[in-house]
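Student: Here is the input, now give the coordinates:
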Amino acid sequence: MSQEFGLFDQFQQSQVYQGPGRRGGYGGPGYSDPFRRSQDLSGTNYGRGSDVGNIDEQQPIFKKVKTFNVTKLEEQISHVTVSDEKVVYVQGHQIWQYDLRKKTNTPAELPKKTASPDDKVSKIFQDPTGQHVIISTTSGENYYLEGGKGSKKLKHLSKLRQVCIESVAWCPGREPTEQTTYPIVLGTNKGILLETEIEPQNEELMKALKKQIAGGALEKYVKELHVVDLEKSEKVTGLLLQPFENDKRRFIAIVTTPNRIFQFIGDLLNDSPVYAGLFVNRSPAFHEIPGNLSYSNFCTWSPYAQDVPSKFSWLTGAGVYFGSLDFTNRDTKSVTVDCELIQLKQVNRQNPDSYPLYICMTEFHCILAFKDRFEAVSLLNLQIVFQDYVSNRSVFLKGMCRDPMTGDMWLYSEKNFNRYVIQNEIRDVWRCYLEKGDYDTAKKYCRRNTYQMDRVNRAQAESYFKKSKFDEAAECYAQTSISFEEVALKFIQADDQHALKIFLLRRLQQLGPENQTQVTLLSCWLLELMLNQISILRDQLSSPSTTILDKAEKEELLKSATREFQSLLEMDIVRQSLDVNRNTAYELLLGHGDTTNLLYFATLMQDYERVINHHLSQNQYQSALLMLREQRNKDLYYKFIPVLMKHNPEETVVALKESGQLLNPKKLIPALVQCSQYWQAEQSEHVLEYLEFVVNSMNNRSTSIHNFLISLYCKLRKQDKLISYLEQDWNRMTINYDPEYALRLCTEHKMSRSCVIIYIILELYHEAVELALDVDIELAKMAANRPENDKDLRKKLWLKIAWQMLQKTQDVAETMQSLDFGELLKIEDILPFFPDFQTIDHFRDVICRTLETYNKEIHDLKEEMTEAQDSARNIRQDIVEVRNRCGIITSSRRCDKCSYPILSSSFFLFPCQHVFHMHCLQDEYLNGASEHKRQELQALLDRKQGMRGLEMSTPSTSQQNTEKFLIEADQIQESIEDILANDCVYCGQLMIDTINRSFYTEATSEEISSWNL
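Tutor: Here you go, the predicted model:
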């Protein structure tokens, strides 16, 4: 494809920019550049020398991409429109449709029936989706082309005869389909506005029915809406239809002529023409820009094709009028806001090439297409940021259009066209807003570029500083690369401590752990500033001259300053720095006498010992205990528990319980012993409570803890609790206390019952019974029953109880009722203790029960003897039956293992009727029996085999030796047969023992592996 002009070629070649208006070669010697070099002027007003190396600054705004080749070079291109990657261009009477996605180029030609040979295409219009194309000719004939299907046939719009269409407004908010365009508005060259709706399938339907009626046209209807200017009858150069955002039934129509822009506002009607309600006011407000330009161009911009347009531009004789569109207020009379005019040179009738032919609009630029050049003007500062000239003077630009779906721009001449995509449009946007003083918007478009952001922050900081807005200036200065010393000096000279504090805080937040020295310096500086502020506020509060209202205000300021100070201390980087320089921070806090913040800092640094010591020095025991409970350092418990137990024992015990396994109770014993020895009984009660918790809940087994618990039981006379504790374990080997120590304590405190239990635990039963007889007879009985495994000892203990009772009470009846006569104690055992002339009346019942017991025992012995005789008789009968038992083997019977005839060799027949050869039974036994039994059988077989070899190799010496040899061989054979005949290998115990043994052995492993897939 030939090229008549080179837009932005300096970005596609290795061309070094040589300044505005200069041309530079880029080939070897003798190379001639056929095109003028395009000039990027976006930096000429900003001093971009400092931007060298910034990639974003060097990237071009536009980038040219390759397009397709024109099919017929002999015909000139007259019109081009692009929508959604579908290019429609006109060459003579042919209209071409090129689909960039499908790479297809489809021609269509003006019908000869309706188009004269001299007729030419005057305008072409394509909807944003590229599905509908309207072609208007100079003779007033209009045609429709189905763009979505790539149709090769133009369809005549019969209802639009003698109408030269100059502009089209497609239906907003409803995306056209292949079946209909929905209601659209057409602007003519005579200033008439028409409404119509094109249905491509309507004509096909009528042809199918073979009805040539008026309704068979593509236009569903054509209605006149309004004549824009009756006096001048100027052509309608631009149209826009758009509903308001908060009322979709209320629309606005923007209509432009070469010198005027009209705004029609109204509500939609339910019947066609639906847009007639917009033009009820026949004399709408308009804005006029005088000029002698015979044509005009109106365009809008939106982020996406179907979005609400937010900007507009209008080419007039005085320049390009542009601004923003606001569709939020339905009651407004004008939606154009923030309008400006790009002033251009007046049209020179002798040199018409000096004025733009077309304009396009991007988000931040207005693109102007001249006959001999191409320019891009920034909408932010109205400066030309790009120029490109046509090199061949015989070829001129014909026009320009923009794809509303992709945002790409298409420029075309008579022979070809080029496509340009927006690559880096916001490259200089930040700089434009910076010059305007709109710093926040400038930051938005810096796109995290550190250089650009630094430039904006510097300018904003200087602006704030000049306006004496020091706090805002500090925020901005902290984000710049200006030296720390320079900025700090500025605020010191301005005598604004608050702004300096903000600056230091922001700079501190930007530092990392690797900047330890800087972090420490800034932290200490900030601490000093904030403590000084807090001190001043406290002095003002304590001043007698301060009023009540001022006090309330100062209190709020003090709270705010304190929160800010504490927030500084809570910062990770500050806390880590001050942890190393803790003494410096303490000195600052003590120097200002700020106890509250000193305690807060110590708590933050986990210096709990300092905090607790301070509370104790101030007799704030509750606060000290609270701090002790919040921390997890167990050494502090051991240190402060004695003091806290003395002044607040109850809550201290609660704290000890909450600590649970954190503390080692053994290390608390010195403190607890001190409480129990030197303080009041209240403290001892709480110590006892804690020890019971340790023993019962924590299951502590320390001997010292248990001994201490017993000592407190004795001291506080808690014998019931002590007895319950002792009765938990009667085994001397498993108890957790020293029984001798416990016995001594109980003896000293005359706790006899407890002594009895300890005697029992020490297995001193005689002492236990003797002591228990002085306390309680029931306790003595319990002690007498404790030696369960020594019947004789228990009998002696019970006899001692009987003797002591008779000696003390001399009451035989009471003694007989108290004693338990049974298996252990008989009436004859205690008869010697009674007086010689004692009557039998008191123990007659006992004697009777004893005689009955003896009688029952004799009867039981007789029954056991009878059962034994019956069992012996049955056994003798079974022996006789076994001796006479036999089995029958037929000649055809086979071995159950090898299946050979059983009579071929010696065999074994079992009661279960299994029969085996002797050698088969040996093999089965050796394979299935336990290791011990296999070794026993194998040893006998080896001895048998050895004796056979000895018999063959040694000649017979004497008859006596021969007889010994045979006797020994028979004994070995009998032993082997006893082992084999013990149990059947198939249904006996041997088979049961092998139930968990694998069916496979090492010998069959190769066969098993052959089955693997």
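
Student: Can you give the contact residues for stretch 170-179?
Tutor: Stretch 170-179 has contacts (Cβ atoms under 8 Å, 6 or more residues apart in numbering) with 127-129, 131-132, 146, 148-149, 181-184, 199-201, 241-243, 248, 306. For the C-beta atoms, the positions are set from N, CA and C on the backbone; glycine is no exception.

Student: CA-only coordinates of that stretch in CSV, if you can.
Tutor: What follows is stretch 170-179, C-alpha atoms only, in CSV (Å, rounded to 0.1, in the frame of the first residue of the first chain):
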residue,chain,number,x,y,z
TRP,A,170,-28.8,6.9,16.5
CYS,A,171,-31.1,5.7,19.2
PRO,A,172,-29.3,6.1,22.6
GLY,A,173,-29.6,3.5,25.3
ARG,A,174,-30.9,0.8,22.9
GLU,A,175,-28.3,-1.1,20.9
PRO,A,176,-29.4,-1.5,17.3
THR,A,177,-30.1,-5.1,16.1
GLU,A,178,-30.1,-6.6,12.7
GLN,A,179,-33.9,-6.3,12.6
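
Student: is Phe286 in a bridge, and if so with what?
Tutor: Applying DSSP bridges to Phe286 gives these bridge partners: Phe262.

Student: neighbours of it, just the number please.
Tutor: 17 (other Cβ atoms under 10 Å).

Student: Also Glu727?
Tutor: 11.

Student: If I follow the layout properly, it ends up in contact with Ile758?
Tutor: No: counting by Cβ atoms under 8 Å, Glu727 stays clear of Ile758, with 11.0 Å between them.

Student: which one is Tyr464 nearest to, not counting chain neighbours?
Tutor: Ala473 (3.7 Å; Cβ to Cβ, 6 or more residues apart in numbering).

Student: State the distance from the one you found to Leu434.
Tutor: 16 Å (Cβ to Cβ, to the nearest Å).

Student: The two: which is more packed in?
Tutor: Of the pair Ala473 and Leu434, Ala473 is the one with more neighbours under other Cβ under 10 Å, namely 26 against 23.

Student: now what about the helix or strand hosting that one, what contacts it?
Tutor: Using DSSP states H and E, Ala473 sits in helix 470-477. Here helix 470-477 makes contact (Cβ under 8 Å, 6+ apart) with 457-458, 460-462, 464-465, 487, 490-491, 494, 496, 498-500, 502-503, 506.

Student: so what does the helix or strand following that helix touch, helix or strand wise?
Tutor: Next along the chain after helix 470-477, taking DSSP H and E as the criterion, comes helix 484-494. Judged by 3 or more Cβ pairs under 8 Å, 6 or more residues apart in numbering; DSSP states H and E, helix 484-494 is in contact with helix 470-477, helix 497-510.

Student: how about those, which one is nearest Cys524?
Tutor: helix 497-510 (10.4 Å; Cβ to Cβ).

Student: buried stuff in the closest one?
Tutor: 497, 499-505, 507-508 (16 or more other Cβ atoms under 10 Å).

Student: could you give the angle of that helix to helix 484-494?
Tutor: For helix 497-510 against helix 484-494, the angle by axes from the mean of the first three to the mean of the last three Cα atoms, to 10 degrees is 160 degrees.

Student: what packs against helix 497-510?
Tutor: helix 470-477, helix 484-494, helix 516-542.

Student: switch the cut-off to 6 Å
Tutor: helix 470-477, helix 516-542 (3 or more Cβ pairs under 6 Å, 6 or more residues apart in numbering; DSSP states H and E).

Student: ok now the shortest one, how far from the chain's centre?
Tutor: Right, helix 470-477. 37 Å (Cα atoms, centre = their mean, to the nearest Å).

Student: buried sites along it?
Tutor: Buried residues in helix 470-477, counted by 16+ other Cβ under 10 Å: 470, 472-477.

Student: and what of stretch 787-801?
Tutor: For stretch 787-801, burial by neighbour count (16+ other Cβ under 10 Å) applies to 787, 793-794, 796-801.

Student: which one of these is nearest Ile979?
Tutor: Using Cβ to Cβ, the buried residues of stretch 787-801 come closest to Ile979 at Pro787, 50.0 Å.

Student: and that closest one, how far is that from Ile758?
Tutor: For Pro787, the distance to Ile758 - Cβ to Cβ - is 16 Å.

Student: Packing partners of the longest helix seen in the chain?
Tutor: When the chain is parsed with DSSP state H, its longest helix is helix 844-883. Helix 844-883 sits against helix 827-830, with contacts defined as 3+ Cβ pairs under 6 Å, 6+ apart.

Student: rewinding a little: list buried residues within the contacts of stretch 170-179.
Tutor: Counted by 16+ other Cβ under 10 Å, these give 127-129, 131-132, 146, 148, 181-184, 199-200, 241-243 as buried.

Student: hmm, which two among those residues are most spread apart?
Tutor: Counting by Cβ to Cβ, the most remote pair of the buried ones among the contacts of stretch 170-179 is Glu146 and Pro243, 27.4 Å apart.

Student: Tell me how many other residues crowd Arg538.
Tutor: 16.

Student: ok, it to Lys469 distance?
Tutor: Arg538 sits at a distance of 29 Å from Lys469 (criterion: Cβ to Cβ).

Student: Which residue ranges of the stretch 101-250 of the chain form helices?
Tutor: Assigned by DSSP state H, counting those that start in this stretch, the helices in the stretch 101-250 of the chain fall at 200-209.

Student: how about Gly238, what does it touch?
Tutor: 167, 256, 298 (Cβ atoms under 6 Å, 6 or more residues apart in numbering).

Student: nearest to Trp430, of these?
Tutor: Trp430 has its nearest neighbour among the contacts of Gly238 in Phe298, at 29.5 Å by Cβ to Cβ.

Student: Dump the buried residues of stretch 787-801 into CSV; add pLDDT, distance to Asp331 and secondary structure as well.
Tutor: Putting these into CSV (pLDDT from 0 to 100; distance: Cβ to Cβ, whole Å; DSSP: H, G, I helix; E, B strand; the rest coil) gives the following:
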residue, pLDDT, distance to Asp331, secondary structure
Pro787, 79, 110, coil
Leu793, 78, 115, helix
Arg794, 75, 113, helix
Lys796, 77, 119, helix
Leu797, 76, 114, helix
Trp798, 72, 115, helix
Leu799, 70, 120, helix
Lys800, 76, 118, helix
Ile801, 71, 115, helix
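
Student: Nearest to Thr441 among those residues?
Tutor: Pro787 (100.2 Å).

Student: how much space is there between the spatially closest residue to the closest one that is not a sequence neighbour and Glu763?
Tutor: Leaving out its chain neighbours, the residue that sits closest to Pro787 by Cβ to Cβ, 6+ apart is Leu793, at 4.8 Å. In this view, Leu793 and Glu763 are 10 Å apart by Cβ to Cβ.
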